[in-house]
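# sequence first, then the predicted structure, then my questions.
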Amino acid sequence: MTFIEYAWLVPMIPLAAFLIIGFFGNRTPEGGGYIAIVGAVASFVLSLLIAIEVFGGSVATPYVMETPWLKISEDITLNFGIYIDNLAVLMMLFASFISSLIFIYSVGYMSHEGEKKRRYYAEVSLFLTAMLGLVMASNFLEMFIFWEIVGLCSYLLIGFWSFKHPEGDDASDAAASAAKKAFLVTRMGDVCLMAGLFVFLYAFQSLDYAVLFDYTVIQTVDPDMIALGSILLFGGVIGKSAQFPLHDWLPDAMAGPTTVSALIHAATMVKAGVYLVARAYPLFVQSMDVMLVVALIGGFTALFAATMALNNMNLKRVLAYSTLSQLGYMVMALGAGGYVMAHALHSGDVEAVGGYTAGTFHMMNHAFFKALLFLGAGSVIHAVGTEDMRKMGGLGKHMKVTSVTMLIASLSIAGIPLFSGFWSKDLVLEAALEPALEGAGIFWLLYIMGILTALMTAFYMFRLWFMTFRGEEGEASKHCHGESPRCMTVPLMVLAVFALFSGFFILAGFNDLLTFSFVGGAFVVGGHGHSAMYVLEHLALSPYTYLSIVVAVTGIYLAYRMYRVKDVDPGRFNANGESAPYKLLQKRYYFPQIYNAIAMKVTYPVALAVNYFDREAVDGVVNGIAGSITGGSQELRKVQNGLVQTYAAVVVGGVALIVVLLYLAGFLTGGL
Amino acid sequence: MSDIVLSLLLFTPLVGAIVALMMGGERQKYARYVAMVFSAIPLVISLYLLAMFNMSQAGYQFLEQYTWISTSFLHIQYILGIDGLSLVMVFLTTLLVFLVTLFSFEEKERPNFFFALIMAMELGLLGVYMSLDYFMFYIFWEVTLIPMYFMVSIWGGPRRHYAAIKFFIYTHVASLIMLIGIFALAFGAASLGGSGQLVFAFDYIAAAGFSGVFQTLVFGLLFFGFAVKMPLVPFHTWLPDAHVEAPTAGSVLLAGVMLKMGSYGIIRICFEALPEGAVAWQIPMVILALLAIVYGALACIAQRDLKKMVAFSSISHMGMVLLGLATLSEFGIAAGAFQMFAHGLITAVLFMVCGIAGHNIGTRDIPLLGGMAAKMPKFAAFMMFGFMASLGLPSLVGFVAEFNIMASFFFWAQDNNVVWVVIIALSSLMLTAGYYLWAMQRTIFGRVTDRVDLSHVHDVSTYEALALGALCGLIALFGVFPALAYDFIYPVAESLAALIGVI
């Protein structure tokens, strides 16, 4: 027996938890919280067992199990099933692991929610189900189904407090609006994605990964169609992973509970987009142009989002921008690596492109430290009751565990050597550098963007940490409840261990597991990457490594001077409170207004015009004709009731009469 | 049994209607039990048909054929028969009638008459979906009008008389034009066959071998009749008015199964009898479909009345049915037909939800509402489920239909080098999500409204919840296992596409 045969249980377990909690949650302790935890942990354990088999090489990958779902035309039957390779296993592992920790943490964090707990635990269980289904799906349509359910869950959870918000009506309104925005903006991308599926369905007559990723099949298909499909697919990624210009839903999504933010940012939702790029790599790498677009969007988002985190005072918002920025990193790495591969593909075998490993590795590390950051932020908010960092400060004394674990996460995301973020961020930058060094000049730009992002990241993270945990106590810090309960701090500590050490996976063989190669005319995930020694040597000898270390330290030092020692006044960048760039950042480059204008200043007036036209012109003609027939200028609406009943009676009678006459005619002519 | 089962199915509601009608005066309160029983029987029979239907056999099954009227110049027959498509529509009809009866179980105003009308409507609807003689088809088509007229004009809202008359006259005029088309078919077939006798049987007319010009002209007449019923823009204005005024049961049946008579007619008569006409009318059909989809969706955004919004969404979604059909491929025809089924289930939920809003809150005016989820959690849950299903959330039945329609349309556009038109169709998906989410934001979420007196508001009642729950369950079931219905429809689409493709 192999565990992989039971892989379908991995999403089914949390689904069962969802159903049990949904129907009976109120009769169980914590509104079904323990059931959700058991579901997530069970699915993690099973994922782990499968991972041992897959990574250990005892089962051949990709492991595919499919059954026909719907026959839609002579040649096309849509399937439903699972497709497991190293990438899927990695996603299953960290989605279920981090979700388990978040669910455990929720028992403390959501303890005051009463009746609403059932809804919370049901929805997060469904969220996990959908994410697992998404990464395990055997074809693009099935992936898209789960992709949309992920979107639904984020809508439900961001809007968790869209009615009866504990902080009052305004907060309810804000949550309702944020949820709608998240759904609609990502929907924009999803519609693109759907169009991409049409293109692939047309070109390949199938949506199965097993068919689409087969190089012999790919060669028979028009490369323009593949490029078109890929770029449309990437539209979905832009929405889901909140890349520019569809990024602006993510900061608003902070309206949900902090645990939900942790789920969305670390384990599910936004990771789905990055996953999709990695999953569809065999198609994406068919075109250098597509890969260049991917890299540019990613690189730009990384820098663009980081700037908005520089002066934000809201603890969760800063983390949201940092997620945007880090997602940009991942997308950039995948794009740059794919560019190299696309370039080399025509010349034959291509081994182990750095960008793919960098992107997926950073996705995993980010999952750990971002979950830690959000849960830490949740712990702070739980204790002080505000998200405004100006009211915090000096919390380090009251909340030792939170403060230290947050420090570890900040060091990690800043890219200080040996912490996990260092390894993957460096690989990301190196991925951008690779095509640059090979002569694709535009990638120098991306590399510089990446370095600037690194500087800003180190700065804003330590700004956050100093403002929250060091210095004098703010007004909210004074009535801090102290450290959070054990069920909240233990997940923090577990995640801190990973934020410290998960980078070492790259030395322990991650490289071999998550490489993407083209060998002997076939695409392969996993295989032989560079050895640990090679990676170490490479890092130690490359001057660029030291550049990024210097940049990170500089960022931290700036934050230290401005927010800890305070001998550099951050206010100088906002002279008289009306500095234009400062305001531009605060207004999020006016993106909320742009979105709003598209909805309310363009679409809504058009809709009103159509409605007016409908009533006055289309219906006007109808009433006019009716009026002219019934005699005179009277509108139909003014016709008296009695007249109509008479008319109806005439019509009914008429039909009856015709039938009777026909019948009689038949009878008389002896036809019956 | 199987040689009279369709007649049994057809006339059970008639018996039910007569029995219910007799439950006047003192016995009024028992009328609902009569209705329950007599609407359950057809549902059971349709389930029996589903079980007994032979999927591998082409053509019509359970055929019954009797000569009804035969003179030297007329030959009208009583022919009943079902293929996979009619079977699905029959199932949908009997299901919705049963659930609507359950939903309206506590109707207080003249319940005997109310339930009798529902069953009379069922008679007409089943007749339309099972008749294979076009003259009979027309009679049943007209039969559906009358109970609906009374339902709107007696149980309707403040402008019920205007709406009922408009509904009646508008669709009746269209039916007459359709009747001309049906007679043209019979005349055409008779003259081609060299006989003086008008025959309306489907197989006789299909075998006539009409000329291309004749097909194109007659297709136009019939299509107009069906287009008003669906309804397609710009022949749709009777629909929002009728829906706004109609009682919930009427709206559910109107949108759920009565509009589908239009698209069913296009498939059953236009495509089957006039395949060449279908080819000639393909481009106009595509344009009308796109117009209905986008126009309907835009109009939805502007509505204040929840029910009127849902009514316009029906126009948009019925446009999708036509978009699928207009591709004339097996992929598209099956997808369009599946959308008829999907929309029938989903729209029933939507109109029930609107009915509950009007009934339990006292207003359906979106700007007046707000925060209803805090007061009526079950109502909010059903509303969200219905809206999500309607905007095409995967894992629910609407998605399968929508995805397949859009994909088949993409295939058609790609083959005809007009890929950009797909953008028009896809834009409606954004608009649809937009109006539904915006409506939810303003009605069930946010602060609790202070513009409406909420002191007497009560949540969904047990009967209503049962009906809604059953529908939601089916929406999810067919969303996860669409083949349960799709496999009945697909062979019909396949043979039609083959028929049209032969030209």
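Nice, thanks for sending it over. Residues are numbered from 1 along each chain as shown, chains lettered A, B, ... in the order given.
# okay, and A:Leu141 sits in which element?
Using DSSP states H and E, A:Leu141 maps to helix A:140-158.
# next structured bit after that helix?
helix A:169-204.
# by contact count, what packs against that following helix?
Using 3 or more C-beta pairs under 8 Å, 6 or more residues apart in numbering or on different chains; DSSP states H and E as the contact test, the elements touching helix A:169-204 are helix A:140-158, helix A:209-212, helix A:223-240, helix A:249-252, helix B:397-415, helix B:421-443. C-betas here are computed from N, CA, C, even on glycine.
# what angle do helix A:169-204 and the helix holding A:Leu141 make with each other?
In terms of direction (axes from the mean of the first three to the mean of the last three C-alpha atoms, to 10 degrees), helix A:140-158 departs from helix A:169-204 by 180 degrees.
# helix A:140-158 to helix A:223-240, inter-axis angle?
20 degrees.
# for helix A:140-158, list the C-alpha coordinates in PDB.
The C-alpha trace of helix A:140-158 is given here as PDB (Å, rounded to 0.1, in the frame of the first residue of the first chain):
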ATOM      1  CA  PHE A 140      -7.000  23.400 -15.500                       C
ATOM      2  CA  LEU A 141     -10.800  23.400 -15.300                       C
ATOM      3  CA  GLU A 142     -10.700  21.600 -11.900                       C
ATOM      4  CA  MET A 143      -8.000  23.900 -10.800                       C
ATOM      5  CA  PHE A 144     -10.200  26.800 -11.800                       C
ATOM      6  CA  ILE A 145     -13.200  25.400  -9.900                       C
ATOM      7  CA  PHE A 146     -11.200  25.300  -6.700                       C
ATOM      8  CA  TRP A 147      -9.500  28.600  -7.600                       C
ATOM      9  CA  GLU A 148     -13.000  30.300  -7.500                       C
ATOM     10  CA  ILE A 149     -14.000  28.600  -4.300                       C
ATOM     11  CA  VAL A 150     -10.800  30.000  -2.800                       C
ATOM     12  CA  GLY A 151     -12.000  33.400  -4.000                       C
ATOM     13  CA  LEU A 152     -15.500  32.700  -2.500                       C
ATOM     14  CA  CYS A 153     -13.900  31.800   0.900                       C
ATOM     15  CA  SER A 154     -11.800  34.900   0.900                       C
ATOM     16  CA  TYR A 155     -14.900  36.900   0.100                       C
ATOM     17  CA  LEU A 156     -16.800  35.300   3.000                       C
ATOM     18  CA  LEU A 157     -13.900  35.700   5.500                       C
ATOM     19  CA  ILE A 158     -12.800  39.200   4.600                       C
END
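# and the helix or strand A:Ser548 falls within, what's buried?
For A:Ser548, the element it lies in under DSSP H and E is helix A:543-559. Buried residues in helix A:543-559, counted by 16 or more other C-beta atoms under 10 Å in any protein chain shown: A:545, A:548-549, A:551-553, A:555-556, A:558-559.
# same question, stretch B:455-470
So stretch B:455-470, judged by 16+ other C-beta under 10 Å, has buried residues B:459-461, B:463-465, B:467-470.
# farthest-apart pair in those residues, please.
For the buried residues of stretch B:455-470, the farthest-apart pair by C-beta to C-beta is B:Asp459 and B:Ala470; their separation is 17.8 Å.
# residue ranges with poor pLDDT in the chain?
Went with chain A since none was named. Residues of chain A meeting the criterion pLDDT under 70: A:352, A:529, A:575, A:577, A:628-672.
# try again with chain B
B:1-2, B:502-503.
# now do the strands in it.
Ranges of strands in chain B, per DSSP state E, are B:61-70, B:74-82, B:198-199.
# so in that sheet, which strands flank the shortest one, and in what orientation?
Strands that pair with strand B:198-199, judged by DSSP bridges, come out as strand B:74-82 (parallel).
# what's the answer for the longest one, then?
Based on DSSP bridges, the strands next to strand B:61-70 in the sheet, each with its direction, are strand B:74-82 (antiparallel).
# next up, phi/psi of A:Ala219, please.
Small correction: residue A:219 is Gln, not Ala. With angles defined as degrees, to the nearest 10, A:Gln219 sits at phi -60, psi -20.
# what residues are up against it?
With C-beta atoms under 8 Å, 6 or more residues apart in numbering or on different chains as the criterion, no residue contacts A:Gln219.
# distance of it relative to B:His458?
65 Å (C-beta to C-beta, to the nearest Å).
# what of A:Leu446?
60 Å.
# ok, now which ones touch the residue lying closest to B:Asp365 once chain neighbours are set aside?
Leaving aside its chain neighbours, B:Asp365 sits nearest to B:Arg304 (5.6 Å; criterion: C-beta to C-beta, 6 or more residues apart in numbering or on different chains). Applying C-beta under 8 Å, 6+ apart to B:Arg304 gives the contacts B:365-367.
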